[in-house]
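>>> Need coordinates for the following:
(3 chains)
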Amino acid sequence: MADKPIEGEKKAFMTGNEVVAWAALAAGAEIMYGYPITPQNEIMHYWTRLAPKFNRKFLQTEDELSAGFTTIGGVLAGKRAFTATAGPGNTLMQEPMSMAEMMRLPTVVVIQQRGGPSTATVIYSQQEVTMTTYGGNGEGLRIVYSTSNHQELFDYTIKAFNTAWKYRFPTFILGDGYQAKMRESLTIYDPEVRGIEMVPTTPYVLRPGQIGVNREPNHLRNTYNTEEELYEVLQKHISAYNEVAPEIVEYQEFGTEDAEIVVVSHGVVFRSCKGAVQELREEGLRVGYFRPITLRPFPGEQLRKVAERARMLLIVESAYGQLAKLVKDAIFGCSVRIEGLFKPGVGITSEEVVTKVKELL
Amino acid sequence: MSNHELPRMPKSWRLESKPHKFCPGCGHGLVLKALGMAIDELGIQDRVVFGCDIGCSLLAWDFFNVDTIQTHHGRTTPVVTGVKRANPEAIVIAYMGDGGGYAIGSQHLVNAAARNELITAILVNNTNYGMTGGQMAPTTLPGQKTETTPYGRDVKEAGYPTQGPEMVAAIAREGAYVARGTIANLKQLTRFIKKALQNQMEGRGFSFVEVLSACPTNWRTNAKDTWEFVEKEMTKYFKVGEIKVPAAEGGETDE
Amino acid sequence: MSNTAVRSKVVKIALAGEGGQGVQSVAEILAEAANDEGREALYIPNFGVEQRGGVSVAYLQIADKPIAAPKFQTADIVVALSDRAIFRTKQYVGPETLFVYDSSIQGVSEEDLPRNARKILAIPALETANSELHPRVFNIIIMGAVIKATGVVSMEGAKKAIEKKLGYKFEQNPALRELNFKALEKGAELVEKLL
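Got it, this is the predicted structure:
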């Protein structure tokens, strides 16, 4: 049995779902729990082919509720555990993830967004932003990375395990059907050769020792009796979240110093926006971009600075204003004009962004 | 029942959380006593992960001096399945009510049984949703009055009581252990639970014990009527005894 | 089309056919070949409920710089291998598009073809496969045609990528290798005559 899934680093040309499976292996994920739903299925397909070779495990559950709750069980046992889902599966996944949020459990969930609402399409969208960032009956105490290409999908899947176990908040990789199914090149690597140290995991249950002798039993709950009791717990969670948020926040910006229009986008749509902005810049137009990599926590302060300088923000997304909501919330009070190019459930090309910007300039 | 056979408080119970939070006359305390004694007798306190569901079973979240996870309604089965799959050394228990096991979480119970998961599920059947104020449960008896069947459960509208262990026994394969005990026979119940845990420890298969229990608060019964209901009414629909026993294990019926 | 002209921009290719005609394999092999030649390649199949029994579309882009969106509005070359594929892919045709379809497709009239294409080519790929080679290499003929028309990869690179994908079959039956390589050359010839 080979001990390392990836020796050193190597160029690869593969689908995004395959990328996720390799990244989870490289990150030392020990068990995947999953339930079939398009377009994430191949994550399970590759994982089940690769996992036994590296002594990793898999359980196919009866639904996404079970996939989420078994993932929680795996984490409680002290393992790097993960699951993957999409669309209606993500809807069900919100129940277990609200428990992970309440109990601050380091679950890792990969979402490959598909069309919504309902069954919609199995193809693509960016319509699971609101649900992934703020889903469940809670306050959105999660970490959500929105990737835009296969290299990021690999890098951030590894990172997600470390972020989760370091900060102990449920962590999500927000991909989409395009990223899941397309093939492009990337470099896959053993985290160690890049100097990435995996954050050690610790069990919540069955810790070493003997009860009453040298260890106390752990009593974990998500139910509280009184308003005050809950309030106290949530205040702690919220302040812990706010404290670490600045360390977690990631974003990219370009040309925002002098841009009249700043194009705001995330995920795979960012590729089109970046291409469009580069093209417009080459034409001498004052256009820039801002791209949140973390949608939770959101790089609000950074965007506010940009918004205060710009004449206009153009928000581009394959959803009807879900990113826009995060943006507006982050820059509330700022007088910048906000425009949208919203195409729910449909891909957006650079050409469309160029056309839209030129209309607005 | 002598003190010698049944010590007043199992060693695995948590002193700090006693007296417990269940209503006077509630059956949970007795079920948890049987479970506590089974844990003591097997000497597995350090290896147990006790999961408790939503409903009155959640009040057991700090009941034992064992690692405990209080989960969501119906989701205790997958949580402890996840623990067991990740750490096969664990002895996991999913403790739930009839609503959690037979209604909102029935898919988990059915599929855990079908996969022959090496977990032990203990389901307390008190014929109603106690925590939420006494609504009809899958186990409510025909004609029984609850908050949502104020004129009695009409089987034409609401069907017959779920025969849980019979269902699980039909799904589970060789190696599974399925029994129905009752709080009216604590010695037998302790044996059933002990066997269920041993079945898991020996890696034979899924183990499931339903327990006929009492809810005098929502039944609005006095002590005499409570016991009559448990011993006479419930047993008309729910037969006490072992329903499925691995070939390697000797079975027993009612005593 | 000169090589430098091609390499200064992203080449966008849409291949469409009936399930089983092998358009996804063509796109995948071309993408692999381009990647192996050190170029940027992005390939995405259409998928969805229509992948069962519908038109299969492969979107392929090859460039020397990172590629933006995985799908595109207008292709440089559209290859349609059935009547339904023609209707489905007309939307990707613009004034710069080379539109290629198989000349054996029945029931397609002049007005069914896109009117705004730079050029329309009808190539007898299916007929050539059936009469001169073997029906199973129909899609490799198409690959040869695409390579000739776009220059996105070298013939050598394509052969290496075919070898990579089908090598295990060639091991058992070396004649298959010859058949595939011949089909590739034949596809190129079919286009060369018409361009």
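>>> what residues are up against the residue of the stretch 1-150 of chain B found nearest chain C?
Closest residue of the stretch 1-150 of chain B to chain C, Cβ to the nearest Cβ: residue B:107 (24.9 Å). Bear in mind the C-beta positions are built from the backbone N, C-alpha and C, glycine included. Taking Cβ atoms under 8 Å, 6 or more residues apart in numbering or on different chains, we find residue B:107 in contact with A:62-63, A:65-66.
>>> Please export the C-alpha coordinates of the helix or strand where residue A:229 lies as CSV.
For residue A:229, the host element (DSSP states H and E) is helix A:227-248. C-alpha atoms of helix A:227-248 as CSV (Å, rounded to 0.1, in the frame of the first residue of the first chain):
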residue,chain,number,x,y,z
GLU,A,227,-32.8,31.9,26.3
GLU,A,228,-30.0,33.2,28.5
GLU,A,229,-28.1,29.9,28.2
LEU,A,230,-28.3,29.9,24.4
TYR,A,231,-27.5,33.7,24.2
GLU,A,232,-24.3,33.1,26.2
VAL,A,233,-23.2,30.3,24.0
LEU,A,234,-24.0,32.2,20.8
GLN,A,235,-22.2,35.3,22.0
LYS,A,236,-19.1,33.2,22.5
HIS,A,237,-19.4,31.6,19.1
ILE,A,238,-20.1,34.9,17.4
SER,A,239,-17.2,36.8,19.0
ALA,A,240,-14.9,33.8,18.3
TYR,A,241,-16.0,34.0,14.7
ASN,A,242,-15.6,37.7,14.4
GLU,A,243,-12.2,37.5,16.0
VAL,A,244,-10.8,35.0,13.5
ALA,A,245,-12.6,36.3,10.5
PRO,A,246,-9.9,38.8,9.5
GLU,A,247,-7.4,35.9,9.4
ILE,A,248,-9.6,33.8,7.2
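>>> Is there any residue in it that contacts chain B?
No. Using Cβ under 8 Å from any Cβ of the partner chain, helix A:227-248 stays clear of chain B, with a minimum separation of 13.1 Å.
>>> Quick check: buried residues in that helix?
With burial defined by 16 or more other Cβ atoms under 10 Å in any protein chain shown, the residues of helix A:227-248 counted as buried are A:233, A:237, A:241, A:244-245, A:248.
>>> Mean confidence (pLDDT) on that helix, please.
Regarding helix A:227-248, the rounded mean pLDDT is 98.
>>> Could you list the residues in contact with that helix?
The contact list for helix A:227-248 (Cβ under 8 Å, 6+ apart) reads A:104, A:139, A:141, A:143, A:163, A:167, A:169, A:224, A:294, A:297.
>>> If we use 6 Å, what do you get?
Helix A:227-248 has contacts (Cβ atoms under 6 Å, 6 or more residues apart in numbering or on different chains) with A:141, A:143, A:167, A:224, A:297.
>>> now for whichever helix or strand comes after that helix, which elements pack on it?
For helix A:227-248, the following helix or strand on the C-terminal side (DSSP H and E) is strand A:251-254. If contacts are counted by 3 or more Cβ pairs under 6 Å, 6 or more residues apart in numbering or on different chains; DSSP states H and E, strand A:251-254 sits against strand A:287-292.
>>> Who does the strand it packs on pair with, and is each partner parallel or antiparallel?
Using DSSP bridges, strand A:287-292 pairs in its sheet with strand A:251-254 (antiparallel), strand A:261-264 (parallel).
>>> ok, of the buried residues of helix A:227-248, which one's closest to residue B:8?
Nearest to residue B:8 among the buried residues of helix A:227-248 is residue A:233, at 34.1 Å by Cβ to Cβ.
>>> Report the two of the contacts of residue B:107 separated the most.
The span of these, defined through Cβ to Cβ, is set by A:62 and A:65 at 8.3 Å.
>>> more neighbours, these two?
Higher neighbour count among residue A:62 and residue A:65: residue A:65, with 24 against 19, using other Cβ atoms under 10 Å in any protein chain shown.
>>> would you say the more buried one is within a strand?
No. Under DSSP: H, G, I helix; E, B strand; the rest coil, residue A:65 sits outside any strand and is assigned helix.
>>> residues in contact with it?
A:92, A:95.
>>> switch to 10 Å and redo it
Under the criterion of Cβ atoms under 10 Å, 6 or more residues apart in numbering or on different chains, the neighbours of residue A:65 are A:35, A:89, A:92-96, B:72, B:74-75, B:78, B:104-105, B:107-108.
>>> Identify, by residue count, the longest helix of chain C.
Scanning chain C for the helix with the most residues, using DSSP state H, yields helix C:174-194.
>>> Counting neighbours, what do you get for the residue lying closest to residue A:87 once chain neighbours are set aside?
Using Cβ to Cβ, 6 or more residues apart in numbering or on different chains and skipping residues adjacent in sequence, the residue nearest residue A:87 is residue A:114, 4.2 Å away. Residue A:114 has 29 neighbouring residues, counting by other Cβ under 10 Å.
>>> can you check the one 10 residues further on too?
Taking other Cβ under 10 Å as the criterion, the count of residues near residue A:124 is 27.
>>> what kind of secondary structure is it in?
With three-state DSSP as the basis, residue A:124 sits in coil.
>>> what's the pLDDT at residue C:195?
pLDDT recorded at residue C:195 is 80.
>>> right, I mislabeled it, should have said residue C:8
Looking at residue C:8, its pLDDT is 57.
>>> excluding its backbone neighbours, what's nearest the residue of the stretch 51-200 of chain B found nearest chain A?
At 2.0 Å from chain A, residue B:82 is the closest residue in the stretch 51-200 of chain B, using Cβ to the nearest Cβ. Computed as Cβ to Cβ, 6+ apart, the closest residue to residue B:82 that is not its neighbour in sequence is residue A:73, at 2.0 Å.
>>> Next up, identify which helix or strand the one you found is on.
Assessed by DSSP H and E, residue A:73 sits inside helix A:64-76.
>>> ok, now which ones touch the residue of the stretch 51-200 of chain A found nearest chain C?
Nearest residue of the stretch 51-200 of chain A to chain C (Cβ to the nearest Cβ) works out as residue A:182 at 3.8 Å. Counting by Cβ under 10 Å, 6+ apart, residue A:182 makes contact with A:14-17, A:149-150, A:176, A:268, C:31, C:42-45, C:59, C:61, C:67, C:70-71.
>>> Now, those residues that are in strands?
Residues of the contacts of residue A:182 located in strands (DSSP state E): A:14-15, A:176, C:42-45, C:59, C:61.
>>> Spell out which parts of the stretch 1-150 of chain A neighbour chain B.
A:30-31, A:33, A:57-63, A:65-81, A:83, A:95-96, A:98-99, A:102-103 (Cβ under 10 Å from any Cβ of the partner chain).
>>> if I look at the residue in the stretch 251-361 of chain A that chain C sits nearest to, how far off is residue A:351?
Chain C sits closest to residue A:275 of the stretch 251-361 of chain A, with a gap of 3.4 Å, by Cβ to the nearest Cβ. Separation of residue A:275 from residue A:351 (Cβ to Cβ, to the nearest Å): 9 Å.
>>> Those residues of chain C touching chain A, which are they?
C:10, C:27-28, C:31-32, C:34-36, C:38-51, C:59-61, C:65-74.
>>> Can you select the buried ones from the residues you listed in PyMOL?
Remark: buried members of the residues of chain C next to chain A, expressed as a PyMOL selection using 16+ other Cβ under 10 Å:
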select buried, chain C and resi 10+27+28+31+32+34+35+36+39+40+41+42+43+44+45+46+47+48+50+51+59+60+61+67+68+69+70+71+72+74
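>>> Go back to the residues of chain C next to chain A and keep what's next to chain B.
Among those, not one lies near chain B by Cβ under 10 Å from any Cβ.
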